[in-house]
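Enquirer: Sequence isn't available, so here's the structure alone:
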């Protein structure tokens with residue numbers, strides 16, 4: 001009976017119940033009394049809405065081409081067209097299926113990878129999620145860590161404030177500021193690049209030292225400075241590079257006292273500003289390359305911020321979706337959340 005009730009809750013539209021009408025009250029009581037079972041709000045959704053949700057969730061999270069329903073030889077335009085078509089049917093505002101939000105996140109992930117030429121190239125070459133530091137293709141990482149463990153321990157990751165790509169290139173590909181927590185035994189690992197920036201911390205009650213165990217000597221200032229030397233060198237090199245940099249950072253998206261000469265990007269005509277003497281002694285081809293680079297960096301930044309807006313909005317919608325009812329105020333707040341970066345990309349026809 002429990003399985004039949006679950007089938008009704010998860011799969012059956014309101015107008016086509018699996019459970020006879022006379023038993024709906026009993027079914028609802030069973031699901032409520034069995035606290036380990038998820039209860040979805042009873043809402044009406046069509047067979048077509050259920051079909052698109054089931055199709056998306058039937059694929060593995062990293063099967064991006066299958067999720068978008070395109071071949072690996074599809075053009076960027078075909079990928080974008082397919083994404084828009086599916087998104088219109090799958091968006092939680094349009095699709096009332098209980099798992100529409102979950103499927104919509106999976107669809108957005110596929111678009112995030114295949115809609116970006118760089119990420120798409122990496123995915124085509126490696127078959128792994130290019131946004132994942134572990135490159136595991138959506139499953140548990142090769143190092144053995146995974147988002148959850150069967151013994152009740154949990155795995156958390158927090159990002160630091162440094163630019164990851166620069167830091168990784170300098171220190172050998174590790175994740176700066178990463179924190180790994182295992183809730184079952186209170187163990188925490190914090191990593192700030194390669195050794196000597198890796199340190200282990202033990203939370204919770206500590207075991208008393210053994211009798212034959214010698215206490216660890218405290219590090220003196222000289223040892224600490226020696227350990228910090230690579231980081232200090234990195235910061236010094238960064239400052240020197242900034243002081244003598246060429247075209248890479250010689251612009252601003254807003255006019256300032258230093259950057260007052262206005263220019264525009266070639267394709268989307270985005271205004272930006274350079275120093276008054278910037279164009280002096282530069283060929284036309286070099287200026288065109290610089291303008292294209294500014295535009296590429298600008299659009300990539302907008303895509304990153306738009307992804308964050310989508311993630312924040314979906315998070316709010318998940319929080320509003322309760323066990324027995326929906327927090328209408330929070331749901332309306334999520335739907336009305338401003339998304340300026342996404343709107344700008346829509347204006348340019350990028351999404």
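Expert: The structure has been received and is ready for your questions. Just so it is clear, the structure is predicted and the values come from calculations on it, not from any experiment. Residues are numbered from 1 along each chain as shown.

Enquirer: so residue 111 touches residue 68, yeah?
Expert: Yes - the criterion here is C-beta atoms under 8 Å, and residue 111 meets it with residue 68 at 7.0 Å. For the C-beta atoms, the positions are set from N, CA and C on the backbone; glycine is no exception.

Enquirer: Overlap of the contact sets of the two?
Expert: Residues touching both residue 111 and residue 68 (C-beta atoms under 8 Å, 6 or more residues apart in numbering): 79, 83.

Enquirer: Now for residue 99, how many residues are close by?
Expert: A total of 17 residues lie near residue 99 under the criterion other C-beta atoms under 10 Å.

Enquirer: these two touch, right, it and residue 52?
Expert: No - Residue 99 is beyond contact range of residue 52, at 10.8 Å (criterion: C-beta under 8 Å).

Enquirer: Determine the residues that are contacts of both of these two.
Expert: Contacts common to residue 99 and residue 52, judged by C-beta under 8 Å, 6+ apart, are absent.

Enquirer: would residue 262 count as being in a strand?
Expert: Yes - under DSSP: H, G, I helix; E, B strand; the rest coil, residue 262 sits within a strand.

Enquirer: With residue 275 as the reference, measure out to it.
Expert: With distances taken as C-beta to C-beta, to the nearest Å, residue 262 is found 12 Å from residue 275.

Enquirer: So between these two, which is more surrounded?
Expert: residue 275 (15 against 10).

Enquirer: and the nearest residue to residue 309 once chain neighbours are set aside, what is it in contact with?
Expert: Nearest residue to residue 309 in three dimensions, chain neighbours excluded: residue 339, at 4.3 Å (C-beta to C-beta, 6 or more residues apart in numbering). Contacts for residue 339 (C-beta under 8 Å, 6+ apart) come out as 306, 309-310, 313.

Enquirer: most neighbours, which of those?
Expert: residue 306 (21 neighbours).

Enquirer: Give me the mean pLDDT for the one helix or strand that one maps to.
Expert: Residue 306 is part of helix 284-320, with elements assigned from DSSP states H and E. Average pLDDT, helix 284-320: 93.

Enquirer: after that helix comes which helix or strand?
Expert: Sequence order places helix 328-335 as the next helix or strand after helix 284-320, per DSSP H and E.

Enquirer: Name the residues that touch that following helix?
Expert: With contact meaning C-beta under 8 Å, 6+ apart, helix 328-335 is reached by 93, 313, 316-317, 319-321.

Enquirer: elements contacting the helix or strand that comes right after it?
Expert: Following helix 328-335 in sequence order, the next helix or strand is helix 340-347 (DSSP H and E). On a contact count with 3 or more C-beta pairs under 8 Å, 6 or more residues apart in numbering; DSSP states H and E, helix 340-347 meets helix 284-320.

Enquirer: Just want the angle from the helix it packs on to helix 340-347.
Expert: Using axes from the mean of the first three to the mean of the last three C-alpha atoms, to 10 degrees, the direction of helix 284-320 lies 120 degrees away from that of helix 340-347.

Enquirer: Check which residues of helix 284-320 are buried.
Expert: For helix 284-320, the neighbour count (16 or more other C-beta atoms under 10 Å) marks 290-291, 294-295, 297-299, 302-303, 305-307, 309-310, 313-314, 316-317, 320 as buried.

Enquirer: Stretch 70-83 too?
Expert: For stretch 70-83, by 16+ other C-beta under 10 Å, it's 70, 74, 79-80, 82-83.

Enquirer: re the thing from before, how near is the residue nearest to residue 309 to residue 70?
Expert: The gap separating residue 339 from residue 70 is 25 Å, by C-beta to C-beta.

Enquirer: Also residue 319?
Expert: Applying C-beta to C-beta, the value for residue 319 to residue 70 is 32 Å.

Enquirer: and if you look at residue 89?
Expert: Residue 89 sits 16 Å away from residue 70, going by C-beta to C-beta.

Enquirer: swap in residue 256?
Expert: Counting by C-beta to C-beta, the gap from residue 256 to residue 70 is 44 Å.

Enquirer: again with residue 47
Expert: Here the criterion is C-beta to C-beta. By it, residue 47 lies 24 Å from residue 70.

Enquirer: and this protein, what are its domains?
Expert: With domains defined by automatic domain parsing, the chain comprises 1-39, 45-132, 245-351.

Enquirer: where does the protein dip in pLDDT?
Expert: 1-43, 133-219, 241-249 (pLDDT under 70).

Enquirer: In it, mark out all the strands, start to finish.
Expert: Remark: strands assigned in the chain by DSSP state E are 155-156, 178-182, 187-191, 198-202, 261-264, 271-274.

Enquirer: for the last one, packing partners?
Expert: Judged by 3+ C-beta pairs under 8 Å, 6+ apart, strand 271-274 is in contact with strand 261-264.

Enquirer: Now do the buried residues in the strand it packs on.
Expert: For strand 261-264, the neighbour count (16+ other C-beta under 10 Å) marks residue 263 as buried.

Enquirer: In its sheet, which strands sit next to that strand, and in what direction?
Expert: Under the criterion DSSP bridges, strand 261-264 sits next to strand 271-274 (antiparallel) in its sheet.
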